[in-house]
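J.: build me a model from this:
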Amino acid sequence: ATVLGDFDDARFDLRGESARFLRRGRDFVVRTAGADGKVADFKVTHTSGLPRQNMDVPMLGKFISYLSTGDNFYGELDSDNVLLYLADWRAPKNKVPQYSNTGYALIGYILKHKTGEDIQSLASRYIFHPLQMANSSFTPQQLKGYPQRALGHAGDQPKFIPRGQLTPDWHFSNNMVAAASLYSNAEDLAAYARYHVSTTHNRLLDSVFAEVRDTDIQRPDGVQGIAWTTDFIGLEKITYQVGYIGGYSSFIGYDKERGNAVVVLQNTFNWSNYIGIALLMDMAKKDGLITSGNRFANNRMPERVYQQ
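T.: Residues are numbered from 1 along each chain as shown. The predicted structure follows:
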């Protein structure tokens, strides 16, 4: 939403250009655009063909170390060296949804160099302030609740650290800040999800959220949108996004038709999304016994927003 919001700022139109970056004095074109040049769409829908991360020997060594220490192994993605890794990369002909941290690192790089602002400033202007998300920040030390934050623990990963043991926080300072440095709480994230099933009464944000919903790439069991995935489960369409980092897991999901939203936060690293999806399916089933359609589409807040 921050990326799309900045598109409407008129300072630059990333979709209309071929995403040129400055690499050691030479122009470097990231070759992910199709004929229509929608570079950003490919990245935020994970259909650019970019790898999940740089697949090389140094990365392998850091990942092996992570399995027993929990230490951050995405330092190269955070640095501008990610451009060196991609210097000879070519996009595959057939683009299918495939999660890519590399794509989001490049978006962070583009935003920083095209706007001259950091992600905290952009997110505050376009999202946090309009939606009154006072407990969300990319500079968490400024949050009142930071000293009392939930600490991360081992779960499904790191494999060689027993479940339930503390794991170190991951810290970024450059390209990966936008993708992996947001601190928030369930209340703020519920507000963010809430306005995907209702209205913000903010013209810019409503148009951004509408565009996010209207951008779909077909999958066998659903669609891939901008930052959101929609699964078709029976007659229901469940839209969600997930986040995993350090010792944390998050799930934000909503059912647009029913007007329900769910936030699930865990301070353990677990891959499963079943809790959030199960809650949305249960809510849809109960709503189906009463009425159909989104009863809360024009409200500032849907009747029920579950937080866990």
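
J.: in the stretch 51-200 of the chain, which spans are helices?
T.: Here the stretch 51-200 of the chain has its helices, by DSSP state H, counting those that start in this stretch, at 57-69, 75-78, 81-85, 101-115, 119-123, 177-180, 186-194.

J.: kindly reformat these as TSV containing distance to N94, mean pLDDT and mean neighbour count.
T.: Glycine gets a C-beta too; all of them are placed from N, C-alpha and C. Converted to TSV, these look like this (distance: least, Cβ to Cβ, whole Å; pLDDT from 0 to 100; neighbours: other Cβ atoms under 10 Å):
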stretch	distance to N94	mean pLDDT	mean neighbour count
helix 57-69	25	96	14
helix 75-78	25	91	22
helix 81-85	22	83	17
helix 101-115	17	83	22
helix 119-123	32	91	19
helix 177-180	25	89	23
helix 186-194	32	94	21
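
J.: so which of the ones you listed gets nearest G246?
T.: Nearest to G246 among the helices of the stretch 51-200 of the chain is helix 177-180; the distance by Cβ to Cβ comes to 8.9 Å.

J.: partner residues bridging I233?
T.: I233 forms beta bridges with E236, as assigned by DSSP bridges.

J.: how about K159, nearest residue that isn't a chain neighbour?
T.: Leaving aside its chain neighbours, K159 sits nearest to L67 (4.9 Å; criterion: Cβ to Cβ, 6 or more residues apart in numbering).

J.: next, Y195: phi, psi?
T.: Y195 adopts backbone torsions of phi -80, psi 0, taken as degrees, to the nearest 10.

J.: pretty sure it sits against Q132.
T.: No. Using Cβ atoms under 8 Å, Y195 makes no contact with Q132, being 10.6 Å away.

J.: when those two are compared, which one has more neighbours?
T.: Y195 (23 against 9; other Cβ atoms under 10 Å).

J.: pLDDT score assigned to G293?
T.: For G293, the model assigns a pLDDT of 50.

J.: what do you get for the one 4 residues further on?
T.: Predicted confidence (pLDDT) for A297: 48.

J.: which residues touch the closest residue in space to L151 that isn't next to it in sequence?
T.: For L151, the nearest residue in space outside its immediate sequence neighbours is L166; the separation is 5.8 Å by Cβ to Cβ, 6+ apart. When the contact criterion is Cβ atoms under 8 Å, 6 or more residues apart in numbering, the partners of L166 are L151, G152, H153, A154, G247.

J.: with those in mind, which one is nearest to R52?
T.: Out of these, the member with the shortest distance to R52 (by Cβ to Cβ) is G247, at 19.8 Å.

J.: that closest one against W170, yeah?
T.: No. Applying Cβ under 8 Å as the test, G247 and W170 come out as separate, 9.0 Å apart.

J.: those two: who's more crowded?
T.: Under the criterion of other Cβ under 10 Å, the comparison of G247 against W170 puts G247 first, with 25 against 21.

J.: tell me the confidence at the more buried one?
T.: In the predicted model, G247 carries a pLDDT score of 95.

J.: re the thing from before, contact partners for the residue nearest to K159?
T.: When contacts are taken as Cβ under 8 Å, 6+ apart, L67 is in contact with Q157, P158, K159, F160, I161.

J.: and the two most separated of those?
T.: With distances taken as Cβ to Cβ, the most widely separated pair in the contacts of L67 is Q157 and F160, at 9.6 Å.

J.: those two: which is more packed in?
T.: Here Q157 and F160 are set side by side on neighbour count (other Cβ under 10 Å), and the busier one is Q157, at 19 against 12.

J.: tell me who's in contact with that one.
T.: When contacts are counted by Cβ under 8 Å, 6+ apart, Q157 is found next to L67, F269, W271.

J.: what helix or strand is S249 on?
T.: When secondary structure is defined using DSSP states H and E, the element that contains S249 is strand 248-255.

J.: show the subsequent helix or strand relative to that strand.
T.: strand 260-266.

J.: show residues contacting that next one.
T.: If you take Cβ under 8 Å, 6+ apart as the criterion, strand 260-266 is touched by 150, 155, 185-186, 189-190, 193-194, 196-197, 248-255, 275-276, 279-280, 283-284, 287, 302, 304-308.

J.: where does pLDDT dip in the stretch 101-250 of the chain?
T.: Residues of the stretch 101-250 of the chain meeting the criterion pLDDT under 70: 215.
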